[in-house]
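K.L.:
predicted model, plus sequence, below.
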2 protein chains.
Amino acid sequence: MKTEQDKNIPYKTYLDESELPKSWYNVRADMKNKPAPLLNPATHEVMKAEDLAPVFCDELIKQELDNDTAYFDIPSEILDFYKMYRPSPLIRAYFLEEKLQTPAKIYYKFEGNNTSGSHKLNSAIAQAYYAKKQGLKGVTTETGAGQWGTALSMACSYFDLDCKVYMVKVSYEQKPFRREVMRTYGASVTPSPSMETEIGKKILAAHPGTTGSLGCAISEAVEKATSTPGYRYVLGSVLNQVLLHQSVIGLETKAALDKLGVKADIIIGCAGGGSNLGGLISPFMGEKLRGEADYRIIAVEPASCPSLTRGKYAYDFCDTGMVCPLAKMYTLGHDYIPAPNHAGGLRYHGMSSTLSQLYDDGLMEAVSVPQTKVFEAAEEFARVEGILPAPESSHAIRVAIDEALKCKETGEEKTIVFGLTGTGYFDMVAYEKFHDGLMEDYIPTDAELNESFAKLPKMD
Amino acid sequence: MKTEQDKNIPYKTYLDESELPKSWYNVRADMKNKPAPLLNPATHEVMKAEDLAPVFCDELIKQELDNDTAYFDIPSEILDFYKMYRPSPLIRAYFLEEKLQTPAKIYYKFEGNNTSGSHKLNSAIAQAYYAKKQGLKGVTTETGAGQWGTALSMACSYFDLDCKVYMVKVSYEQKPFRREVMRTYGASVTPSPSMETEIGKKILAAHPGTTGSLGCAISEAVEKATSTPGYRYVLGSVLNQVLLHQSVIGLETKAALDKLGVKADIIIGCAGGGSNLGGLISPFMGEKLRGEADYRIIAVEPASCPSLTRGKYAYDFCDTGMVCPLAKMYTLGHDYIPAPNHAGGLRYHGMSSTLSQLYDDGLMEAVSVPQTKVFEAAEEFARVEGILPAPESSHAIRVAIDEALKCKETGEEKTIVFGLTGTGYFDMVAYEKFHDGLMEDYIPTDAELNESFAKLPKMD
């Protein structure tokens, strides 16, 4: 099934260190309809840089609010760190293609070859750098599955910054190894909700047995940052600045494809808050926005947390405690928490404002997939391609396989590119459930979603 | 501290796929004093191919017994699989050098970028290939820390072979995630000792509460293989054939160094059974044996299991059950088990016959290091180089740091190359102990060792 061209395409393509992107690309610069601005949760006024300064680092706020600058130079200190694990490989899935007997050409960009086990490090090191440059003492954050917390711990250790992580209690208890990796990098990890913050105490008083949620951990981390001198809060997804840093994924992917002389037809990424998807697609979306090329771009989300496919495009709180700014996004409501049998990440109630706007403008598609189908794809992939994928990443694998099987039916030789965001070494509890036949799918009912939508803030 | 030459040396050097070694190198061909042959445990006669055939695959026996052929072609099916994760990077430890403020140049060959998390896959895929080629139905093996079992599971899944793993019971219980990765690749995993084998039943009857040992799991795996039609036994270290397959590590390392124009002064590897060390050093040792170049070669072993530094060079059983052939090696006695507080692998009582002979001939050095010092080095390394190392690999890191610090004192600009065999994602229980100050060092007394030596088989 291999063509002449295929013979010249290696299994793995590594760019040289000298080919590392020197700038991040800001897709907002090419968007006609810009993402909606953040609003003050009390007054509903547009948040300005000075309003955000108590929470975020100054330079990151500039990146957050800048919808016009197309390229931001990557500081050399960050480029040095990137060299530890970047350029990441673009892999031609020859073994998967053979297994599927598909005429489709499948490529994946693998971001798991670093100790944090995912792409999260790309933004963590940038955020730590700007915090250090501002002379801060430390940063706070939240983590659910633990990938972001691990990445930030590594980044803070590199720049000698304090790192305070609020880890959703149920993860803290079920994933002691993730916690231990963070400790290896010197981070302080607290199960959330905790008695360390006012919001934590309030939540614990109201719900003594709660196992925590991402929204609640965000509230605690923000409170801690704003109440501790020399600290700011950092976030691993959703925000514009994060998508900017993650554009390094897409820029490398595009550079490698160009080098190979390959044009993608379909680009697929998993989507929780949007950090990976937004980064992977950015240069391709840029071409699409400028009318230079066309691509099918597909966001894949869990059926148990379907913000794009079943959410409302509306202003909502970014956190449960309702202390963060309001963002306009596809949202399931700030109180929405996926059922306890949901495995892995991709559990945030909303979606990046940038991606929400692009989706609303019809520039990308979205599909949701049930988790047993995701784990089936994960296992099939692991057995032929060797890499044990994270549950999050396996959402993209599921749809890449589905699209490749469609090509098998139609005979089309499409080129599919998907993002393999990370490895599943810390997700074996979920794999075990799957192997033992104990994994269930959860799909919220319309009634449940409507109840959650009813709590969306009333806008004038 | 960087010289002009350094400016041209990237942080990571990847060979092209086309530069993958096409042959394995057999260091025995260049040894004047060949490793001693395997002996029949009952008659003490030299084992011939036909004696080994019920246990091992035919082609692997040829490799095992061949002390003369310098190069063995790597079959194309194995080369295809190697492309999934090879060539592995040779990394210049710029960040570690800066942290240590040493004039030494430090390089490490990183074998952890694959799902098995270590170099073990290099031999697993070769052994699975020859088993498949022989028309076998499946293979059996033992695993302690779990790296070898995981690697073999992946390899068997690729060639559609049954894989039966006897996992030391204490590891089976303490490392459920390792077990689960093996299941993802379709392996059947049994805690050892088990009631599935005669030797297992015997051991359980004699020691009802035993948590198992590597030597005991080997006995069970061998019994299962020899009593099941269409099965053979495979082993992940110690044997000549394994060192042959692992030579791919050293060949790539040497090719990358040659490409960079760098000559190593010191080569360091951790040593348990010798699979990584033997593979890493093989082409360098070949040059040394042929008088073409000189290198300091250092084996690093745990102070709790010091076969080279405190063992006897004698014929001993390879397993506790005394069903395997006798091998002449540096050994602590076939009953020797490191204290329960010993973390990670490198717990085999003996050392590869080939390495034992090279050590006995004064061609390499050996040092033993206590585990708290090993974990200190591991954490220091993780923080600056980003990679969370396996406890086994960290033995080499410890001595590489020590040698680099000696250079700092003397001002010598030596080039140090060490093998980073794998990642520590499944070893967080040990890291936790270390962080909590609960890790202890264990160094066997002379009396303990003498008691163990007393059980060495009497040879005529």
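P.N.:
Everything's here; your move. Numbering: from 1, shown residues only, chains lettered A, B, ... in the order given.

K.L.:
helix or strand next in line after the helix or strand containing A:Phe381, which one?
P.N.:
Element membership for A:Phe381, per DSSP states H and E: helix A:371-385. Next helix or strand after helix A:371-385 toward the C-terminus (DSSP H and E): helix A:391-410.

K.L.:
could you give the angle of that following helix to helix A:371-385?
P.N.:
Interaxial angle of helix A:391-410 relative to helix A:371-385 (axes from the mean of the first three to the mean of the last three CA atoms, to 10 degrees): 80 degrees.

K.L.:
helix A:391-410 packs against which elements?
P.N.:
When contacts are defined as 3 or more CB pairs under 8 Å, 6 or more residues apart in numbering or on different chains; DSSP states H and E, helix A:391-410 packs onto helix A:94-100, strand A:105-110, strand A:266-270, strand A:296-302, strand A:365-369, helix A:371-385, strand A:415-420. Where C-beta positions appear, they are placed from N, C-alpha and C, glycine not excepted.

K.L.:
distance to chain B, mean neighbour count and mean pLDDT added to the ones you listed, as a markdown table?
P.N.:
Listed next are these as a markdown table, based on distance: least, CB to the nearest CB, whole Å; neighbours: other CB atoms under 10 Å in any protein chain shown; pLDDT from 0 to 100:
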| stretch | distance to chain B | mean neighbour count | mean pLDDT |
| --- | --- | --- | --- |
| helix A:94-100 | 7 | 19 | 96 |
| strand A:105-110 | 10 | 25 | 98 |
| strand A:266-270 | 19 | 29 | 98 |
| strand A:296-302 | 20 | 25 | 98 |
| strand A:365-369 | 19 | 20 | 98 |
| helix A:371-385 | 5 | 22 | 96 |
| strand A:415-420 | 12 | 26 | 98 |
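
K.L.:
could you dump those to CSV with distance to B:Gln147?
P.N.:
Converted to CSV, the helices and strands packed on helix A:391-410 look like this (distance: least, CB to CB, whole Å):
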stretch, distance to B:Gln147
helix A:94-100, 22
strand A:105-110, 21
strand A:266-270, 29
strand A:296-302, 32
strand A:365-369, 33
helix A:371-385, 17
strand A:415-420, 23
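
K.L.:
which residues are contacting the helix holding A:Phe381?
P.N.:
Residues lying outside helix A:371-385 but in contact with it, judged by CB atoms under 8 Å, 6 or more residues apart in numbering or on different chains, are A:91, A:93, A:95-96, A:98-99, A:302-304, A:342-343, A:387-389, A:391, A:394-395, A:397-398, A:401, A:424, A:430-431, A:434, A:439-442, B:84, B:115, B:157-158, B:184-186.

K.L.:
got the end-to-end distance for stretch A:262-274?
P.N.:
End-to-end distance of stretch A:262-274 (CA to CA, to the nearest Å): 25 Å.

K.L.:
how many neighbours does the residue of the stretch 301-450 of chain A found nearest chain B have?
P.N.:
Closest residue of the stretch 301-450 of chain A to chain B, CB to the nearest CB: A:Met428 (3.8 Å). A:Met428 has 22 neighbouring residues, counting by other CB atoms under 10 Å in any protein chain shown.

K.L.:
per-residue pLDDT, it?
P.N.:
On pLDDT, A:Met428 comes in at 90.

K.L.:
same thing with A:Met182?
P.N.:
A:Met182 is given a pLDDT of 96.

K.L.:
show me the domain layout of chain A.
P.N.:
A:4-25+A:72-117+A:240-453, A:121-233 (automatic domain parsing).

K.L.:
closest to B:Glu292 out of those?
P.N.:
B:Glu292 sits nearest to domain A:4-25+A:72-117+A:240-453 of all those, at 31.3 Å, using CB to CB.

K.L.:
which positions in the stretch 101-250 of chain A make contact with chain B?
P.N.:
Within the stretch 101-250 of chain A, the positions adjacent to chain B are A:113-115, A:117, A:154, A:157-158, A:176-177, A:180-181, A:183-186 by CB under 8 Å from any CB of the partner chain.

K.L.:
find the centremost residue of chain A, please.
P.N.:
Centroid check for chain A by CA atoms, centre = their mean gives A:Ser275 as the closest residue, at 3.3 Å.

K.L.:
tell me the pLDDT of the closest residue to it other than its chain neighbours.
P.N.:
With sequence-adjacent residues excluded and distances taken as CB to CB, 6 or more residues apart in numbering or on different chains, A:Ser275 is closest to A:Ser237, at 3.9 Å. Per-residue pLDDT puts A:Ser237 at 92.

K.L.:
Three-state assignment for A:Ser237, please.
P.N.:
Using DSSP: H, G, I helix; E, B strand; the rest coil, the structure places A:Ser237 in coil.

K.L.:
for it, the count of nearby residues, please.
P.N.:
Applying other CB under 10 Å, I find that A:Ser237 has 24 neighbouring residues.

K.L.:
these two touch, right, it and A:Cys270?
P.N.:
No: A:Ser237 is beyond contact range of A:Cys270, at 11.5 Å (criterion: CB atoms under 8 Å).
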